[in-house]
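**Q** Using only what follows, build the 3D model:
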Amino acid sequence: MSDVPVPEPRSVLVTGGNRGIGRAIAEAFLAQGDKVAVTTRSGGAPEGALEVRCDVTDPEAVEAAFAQIEAAHGPVEVLVANAGITADTLLLRMSEDDWSSVLDTNLTGSFRLAKRASKGMLRLRRGRIVLISSVVGMLGSAGQVNYAASKAGLVGMARSIARELGSRSITANVVAPGFIETDMTAVLSDEQKDTIKSQVPLQRYGTCEEVASTVLWLTGPGATYVTGAVIPVDGGLGMGH
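**A** Below is the predicted model:
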């Protein structure tokens, strides 16, 4: 028999876990035996996950979601705030709603989730918070002033949380994906794809599974002394940022 202890299944919440990067992250936690809850607005959670309908822009919906998850799985021990939207347009054409809707979902929504999850983590005196940002938050992108601002804001949020909650063994980190193979990138033309790849030192798109494996590491036993970090998964596109 092995002397290596088998970790207890943890209560994990992945927002926006019905497709793309969020789904891959949820499936990775499920594969290692964790109790996974997934929030969606349209359904379609991975098999084996607790599906919770939740709009992160609605504080009451967030509270109701946590109540449902805690009743089924116990306090959330691992939060992966992944839910996000885009509303791309050039600065001079960007409406107030284009700005506020993206910030409210991507940045304020993550604040609501982290605040609510931290209550249970403080009682447990342990927890892992991972905010899914983007290389765009470090490099900027024409036509994405709102999106870039929201994703850059997650860095300051995570680092402030790391300083506030570190004494309770709660870590807060950021994963910043680059160009990843998802439904969003699938609609690009071959010419657009080739242009993007030419900017990436590894000369290819990343996969959702590569992002998921980084999140697993950050929330696993190998990263207990990592907090306030920004981990790029971008093929070298944003190096130095």
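**Q** Mind jotting down where the helices sit in the chain?
**A** With helices called from DSSP state H, the chain shows them at 20-31, 59-73, 96-103, 109-124, 136-139, 145-165, 183-186, 190-199, 208-218.
**Q** As JSON lines, the ones you listed with mean neighbour count and mean pLDDT would be great.
**A** All C-beta atoms are positioned from the backbone trio N, CA, C, and that covers glycine. Formatted as JSON lines, the helices of the chain follow (neighbours: other C-beta atoms under 10 Å; pLDDT from 0 to 100):
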{"stretch": "helix 20-31", "mean neighbour count": "24", "mean pLDDT": "97"}
{"stretch": "helix 59-73", "mean neighbour count": "16", "mean pLDDT": "98"}
{"stretch": "helix 96-103", "mean neighbour count": "15", "mean pLDDT": "98"}
{"stretch": "helix 109-124", "mean neighbour count": "19", "mean pLDDT": "98"}
{"stretch": "helix 136-139", "mean neighbour count": "22", "mean pLDDT": "94"}
{"stretch": "helix 145-165", "mean neighbour count": "20", "mean pLDDT": "98"}
{"stretch": "helix 183-186", "mean neighbour count": "11", "mean pLDDT": "76"}
{"stretch": "helix 190-199", "mean neighbour count": "11", "mean pLDDT": "87"}
{"stretch": "helix 208-218", "mean neighbour count": "20", "mean pLDDT": "98"}
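**Q** Save those helices as JSON lines, and put in distance to G43 too.
**A** Below are the helices of the chain laid out as JSON lines (distance: least, C-beta to C-beta, whole Å):
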{"stretch": "helix 20-31", "distance to G43": "12"}
{"stretch": "helix 59-73", "distance to G43": "14"}
{"stretch": "helix 96-103", "distance to G43": "21"}
{"stretch": "helix 109-124", "distance to G43": "19"}
{"stretch": "helix 136-139", "distance to G43": "28"}
{"stretch": "helix 145-165", "distance to G43": "25"}
{"stretch": "helix 183-186", "distance to G43": "16"}
{"stretch": "helix 190-199", "distance to G43": "30"}
{"stretch": "helix 208-218", "distance to G43": "19"}
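**Q** Out of the ones you listed, flag the one nearest T224.
**A** helix 208-218 (10.2 Å; C-beta to C-beta).
**Q** Show me what the closest one is packed up against.
**A** With contacts taken as 3 or more C-beta pairs under 8 Å, 6 or more residues apart in numbering; DSSP states H and E, helix 208-218 sits against helix 20-31, strand 127-132, strand 170-177, strand 230-233.
**Q** and the angle for the longest one with strand 170-177?
**A** Yep, that's helix 20-31 we're talking about. Angle of helix 20-31 versus strand 170-177, following axes from the mean of the first three to the mean of the last three C-alpha atoms, to 10 degrees, is 130 degrees.
**Q** quick one, helix 20-31 and helix 208-218 angle?
**A** Angle, helix 20-31 to helix 208-218, by the same axes, to 10 degrees: 50 degrees.
**Q** The closest residue to G74 other than its chain neighbours bridge partners, please.
**A** Nearest non-adjacent residue to G74, counting by C-beta to C-beta, 6 or more residues apart in numbering: S11, 4.8 Å away. Beta-bridge partners for S11, by DSSP bridges, are K35.
**Q** Relative to R41, how far out is S11?
**A** Look at S11 and R41: by C-beta to C-beta, to the nearest Å, they are 22 Å apart.
**Q** between these two, who's got more neighbours?
**A** More crowded of S11 and R41, by other C-beta atoms under 10 Å: S11, with 22 against 13.
**Q** I'd say the more buried one and L50 touch.
**A** No. Taking contacts as C-beta atoms under 8 Å, S11 lies outside contact range of L50: 9.7 Å.
**Q** residues shared between the contacts of those two?
**A** Any residue near both S11 and L50 by C-beta atoms under 8 Å, 6 or more residues apart in numbering counts here, and that gives K35, A37, I69, H73.
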